[in-house]
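Engineer: okay, predicted coordinates and the sequence, questions at the end:
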Amino acid sequence: MCSSDLFIPFAAYHEPLPPAPWRVFRAKGFPRLFTAQVLSSIGDWTGVIAIISIASGVSANAVGFVLVARMLPGFLLAPLGGALVDRWNRKLVMVSADLGRAALLVLLPYWNSVVGLVVVSFLLEVLTLLWGPAKDATVPNIVKDPEQLAAANSLGMFAAFGTMPLGSVMFALLAAVSAWLSGFEVLAGLRPEQVSLALWVDAFTFCASAFLISGLAIPHDNRSEEHTTELQSHHDLVC
């Protein structure tokens with residue numbers, strides 16, 4: 001390396017993103033997958049705020065129990081999530097996880113004790129740990145251009161974490177919606193409170209995500225077959 005190389009930026013050798021990262025949306029199926037993740041992430045952040053709000057009203061220790069329930073599956077099951085997803089149908093995993101999370105959130109307003117909050121929070125995180133690896137493993141099957149994978153992964157990170165402010169805004173807006181719905185006596189039995197509406201909105205976003213993913217055409221991944229063929233060829237040579 002000559003001395004002049006010390007003054008050349010690292011980006012001159014390696015570009016973190018392709019020159020036109022928006023071209024990743026030309027990959028068939030990626031807009032549908034990205035939209036599903038954005039919708040479910042907005043709803044999920046809204047639901048997290050709602051669950052913490054419910055926990056804070058139940059007891060002083062409930063918030064801590066809920067946070068532990070959300071973090072515990074990551075320590076116990078995260079290493080197994082990717083291995084299980086590799087053995088299962090990825091589309092089926094994502095759709096089942098979305099519908100399972102939606103069902104749990106619909107139930108929570110009527111089971112908002114400490115036990116209910118902990119159990120539902122734990123199961124929500126378990127399903128999320130299955131959905132995430134399935135989505136990550138699906139992206140390379142949809143985005144065939146290796147140069148666009150960095151853009152696809154960056155957009156996935158944005159959908160997962162960049163939507164948190166939108167979830168907060170959504171939760172705040174639902175306060176006005178709750179006040180409006182409370183004026184209808186026929187809805188009194190449904191308890192249209194702000195937190196309940198937030199959980200139901202979250203459930204709806206998961207249902208929308210399941211619908212989008214159910215219609216997703218995921219190209220067959222030939223890498224596992226190639227790997228199996230290589231192992232078989234090696235076995236034949238040894239024998």
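Structural biologist: Thanks, I have it.
Engineer: not counting its neighbours along the chain, what's nearest Ser41?
Structural biologist: Thr163 (4.4 Å; CB to CB, 6 or more residues apart in numbering). (Glycine included, C-beta is placed from N, CA and C.)
Engineer: what about the one you found, distance to Ala217?
Structural biologist: Distance of Thr163 to Ala217, computed by CB to CB, to the nearest Å: 25 Å.
Engineer: residue contacts, the residue nearest to Ser41?
Structural biologist: For Thr163, the contact set (CB atoms under 8 Å, 6 or more residues apart in numbering) comprises 38, 41-42, 45.
Engineer: can you map out the helices along this protein?
Structural biologist: Assigned by DSSP state H, the helices in the chain fall at 30-58, 62-87, 90-107, 114-142, 149-157, 164-181, 194-214, 223-238.
Engineer: what's the third one in contact with?
Structural biologist: It refers to helix 90-107. Helix 90-107 has contacts (CB under 8 Å, 6+ apart) with 40, 47, 85, 120, 123-124, 127-128, 130-131, 134-135, 137-138, 199-200, 202-204, 206-207, 209-210, 213-214, 216, 218.
Engineer: pLDDT below threshold where in the protein?
Structural biologist: For the chain, the stretches with pLDDT under 70 are 1-19, 78-79, 81-82, 183-192, 220-239.
Engineer: would you show me how to pick out the buried ones of the contacts of Thr163 in ChimeraX?
Structural biologist: If you want just the buried ones from the contacts of Thr163 in ChimeraX, going by 16 or more other CB atoms under 10 Å, the selection is:
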select :38,41,42,45
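Engineer: tell me which two in the contacts of Thr163 are the farthest apart.
Structural biologist: When CB to CB is used, the two most widely separated members of the contacts of Thr163 are Val38 and Trp45, lying 11.1 Å apart.
Engineer: not counting sequence-adjacent ones, nearest residue to Ala217?
Structural biologist: Closest residue to Ala217 apart from its sequence neighbours, by CB to CB, 6+ apart: Gly29 at 5.8 Å.
Engineer: show me how far stretch 100-120 is from its chain's centre.
Structural biologist: With CA atoms, centre = their mean, to the nearest Å as the basis, stretch 100-120 stands 18 Å off its chain's centre.
Engineer: check the separation of the first and last residues in that stretch.
Structural biologist: The stretch stretch 100-120 measures 11 Å between its terminal residues, going by CA to CA, to the nearest Å.
Engineer: can you give me the buried ones in that stretch?
Structural biologist: 100-102, 104-106, 108-109, 112, 116-120.
Engineer: likewise stretch 23-40?
Structural biologist: Using 16+ other CB under 10 Å as the test for burial, stretch 23-40 gives 24, 27, 29-30, 33-34, 36-40.
Engineer: just the residues you listed now: which is nearest Ser182?
Structural biologist: Nearest to Ser182 among those: Leu39, at 26.6 Å, using CB to CB.
Engineer: Pro109 contacts Ser196, correct?
Structural biologist: Yes. Counting by CB atoms under 8 Å, Ser196 is a contact partner of Pro109 at 4.2 Å.
Engineer: just to revisit the earlier point, take the buried residues of stretch 100-120 and lay them out in CSV including distance to Asn61.
Structural biologist: Below are the buried residues of stretch 100-120 laid out as CSV (distance: CB to CB, whole Å):
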residue, distance to Asn61
Gly100, 27
Arg101, 25
Ala102, 28
Leu104, 22
Leu105, 22
Val106, 26
Leu108, 18
Pro109, 21
Asn112, 15
Gly116, 15
Leu117, 11
Val118, 11
Val119, 16
Val120, 17
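Engineer: re the thing from before, now restrict the contacts of helix 90-107 to buried residues only.
Structural biologist: Listed as buried from these are 40, 47, 85, 120, 123-124, 127-128, 130-131, 134-135, 137-138, 199-200, 202-203, 206-207, 209-210, 213, 216, 218; burial here means 16+ other CB under 10 Å.
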